[in-house]
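Asker: Sequence first, predicted coordinates after that:
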Amino acid sequence: MQGNLSAWLVKHGLIHRSLGFDYQGIETLQIKPGDWHSIAVILYVYGYNYLRSQCAYDVAPGGLLASVYHLTRIEYGVDQPEEVCIKVFAPRRDPRIPSVFWVWKSVDFQERESYDMLGISYYNHPRLKRILMPESWIGWPLRKDYIAPNFYEIQDAH
């Protein structure tokens with residue numbers, strides 16, 4: 001099923017895949033990593049001026065990694081703003097996705113967290129480094145194939 005935004009993207013020759021609607025009726029689209037930055041700029045110009053959230057997840061052990069963007073079109077005098085969910089999938093061996101920091105500045109810490117936990121490299125991000133784990137940490141803790149280091153925290157006995 002194709003939504004309004006998907007129909008608009010098709011009309012303008014922008015390549016994507018419609019993933020239908022979520023339980024709240026929000027349209028979900030899949031964009032290829034190579035097309036993501038240019039489509040992000042187009043969506044911003046089209047009116048999606050607010051990035052509500054960005055997150056990432058491991059689709060399956062040994063499979064793809066996904067970066068998810070929830071965008072909102074905020075307009076004066078509109079009670080129910082339009083929303084869209086964008087999913088960008090990247091291969092596990094080289095998970096590289098263009099950063100949209102220069103489009104929506106609010107994605108800064110969110111992309112850094114996705115990098116820190118899953119190892120997705122957001123190229124052209126101005127400060128892409130670990131944000132939760134120590135710089136010396138090895139591996140990506142939220143990947144389904146992650147093996148936790150073999151150490152135990154020493155607790156005070158008092």
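Answerer: Alright, I've got the coordinates.

Asker: Now the lowest-mean-pLDDT helix or strand in the chain: buried residues?
Answerer: Least confident helix or strand of the chain, by mean pLDDT, DSSP states H and E, is helix 4-11 with a mean of 90. Buried residues in helix 4-11, counted by 16 or more other C-beta atoms under 10 Å: 5-6, 9. Any C-beta I mention is one placed from the backbone N, CA and C, and that applies to glycine too.

Asker: residues making contact with it?
Answerer: Outside helix 4-11, the residues that touch it by C-beta atoms under 8 Å, 6 or more residues apart in numbering are 2, 16, 18, 27, 29, 39, 46, 82, 84.

Asker: now that helix, how far from the chain's geometric center?
Answerer: Mean C-alpha position of helix 4-11 versus that of the full chain (C-alpha atoms, centre = their mean, to the nearest Å) differs by 21 Å.

Asker: CA atoms of that helix as PDB?
Answerer: Coordinates of each C-alpha in helix 4-11 appear next as PDB, following Å, rounded to 0.1, in the frame of the first residue of the first chain:
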ATOM      1  CA  ASN A   4       0.900  10.200   0.100                       C
ATOM      2  CA  LEU A   5       4.600  10.700   0.500                       C
ATOM      3  CA  SER A   6       5.500   7.500  -1.400                       C
ATOM      4  CA  ALA A   7       3.200   8.600  -4.300                       C
ATOM      5  CA  TRP A   8       4.900  12.100  -4.300                       C
ATOM      6  CA  LEU A   9       8.400  10.500  -4.400                       C
ATOM      7  CA  VAL A  10       7.300   8.200  -7.300                       C
ATOM      8  CA  LYS A  11       5.900  11.200  -9.200                       C
END
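
Asker: how about the next helix or strand after it as PDB, C-alpha atoms only?
Answerer: For helix 4-11, the following helix or strand on the C-terminal side (DSSP states H and E) is strand 17-21. C-alpha atoms of strand 17-21 as PDB (Å, rounded to 0.1, in the frame of the first residue of the first chain):
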ATOM      1  CA  ARG A  17      10.400   1.200  -1.300                       C
ATOM      2  CA  SER A  18       7.100   1.600   0.600                       C
ATOM      3  CA  LEU A  19       7.000  -0.700   3.700                       C
ATOM      4  CA  GLY A  20       3.300   0.200   4.400                       C
ATOM      5  CA  PHE A  21       2.000   1.800   7.600                       C
END
